[in-house]
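Novice: Sequence and predicted structure are below.
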Amino acid sequence: MLLKNNQKNGYYLIYENRKFIKSSKYKKSKKIKEWTDFSLFKKENSLNNLK
């Protein structure tokens, strides 16, 4: 996730004990979408965006 002008932008992935829990996408600190299934997250987003 990128903080620019004190605002969240990008993806936030949460893992617990090496297991995917959820991911959120932010734009200008507003949560746009949240996923709890990694396969759905991969289907809707390019993993190249996470680099």
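Specialist: Received, thanks. Residues are numbered from 1 along each chain as shown.

Novice: Every contact and neighbour count from this point should use C-alpha atoms.
Specialist: Fine.

Novice: And the residue sitting nearest the centre point of the chain, what's its pLDDT?
Specialist: By C-alpha atoms, centre = their mean, the chain has its centre lying nearest to Y11, at 2.7 Å. We have a pLDDT of 90 for Y11.

Novice: Ok, the one 4 residues further on next?
Specialist: With respect to pLDDT, Y15 has a value of 96.

Novice: S46 too?
Specialist: The model's pLDDT for S46 equals 86.

Novice: and what of K27?
Specialist: Note on K27: pLDDT of 91.

Novice: for the helix or strand encompassing S39, packing partners?
Specialist: If you go by DSSP states H and E, S39 is part of helix 38-44. Contact partners of helix 38-44 among helices and strands, from 3 or more C-alpha pairs under 8 Å, 6 or more residues apart in numbering; DSSP states H and E: strand 19-27.

Novice: For the strand it packs on, C-alpha coordinates in PDB please.
Specialist: Output of strand 19-27 as PDB, limited to C-alpha atoms (Å, rounded to 0.1, in the frame of the first residue of the first chain):
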ATOM      1  CA  LYS A  19      -2.600 -18.100   5.300                       C
ATOM      2  CA  PHE A  20      -4.500 -15.500   3.300                       C
ATOM      3  CA  ILE A  21      -7.200 -13.800   5.400                       C
ATOM      4  CA  LYS A  22      -8.400 -10.900   3.300                       C
ATOM      5  CA  SER A  23      -7.400  -8.200   0.900                       C
ATOM      6  CA  SER A  24      -8.700  -4.600   0.400                       C
ATOM      7  CA  LYS A  25      -8.200  -2.000  -2.300                       C
ATOM      8  CA  TYR A  26      -8.000   1.700  -1.300                       C
ATOM      9  CA  LYS A  27      -8.100   4.800  -3.400                       C
END
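
Novice: I am finished for the moment; much appreciated.
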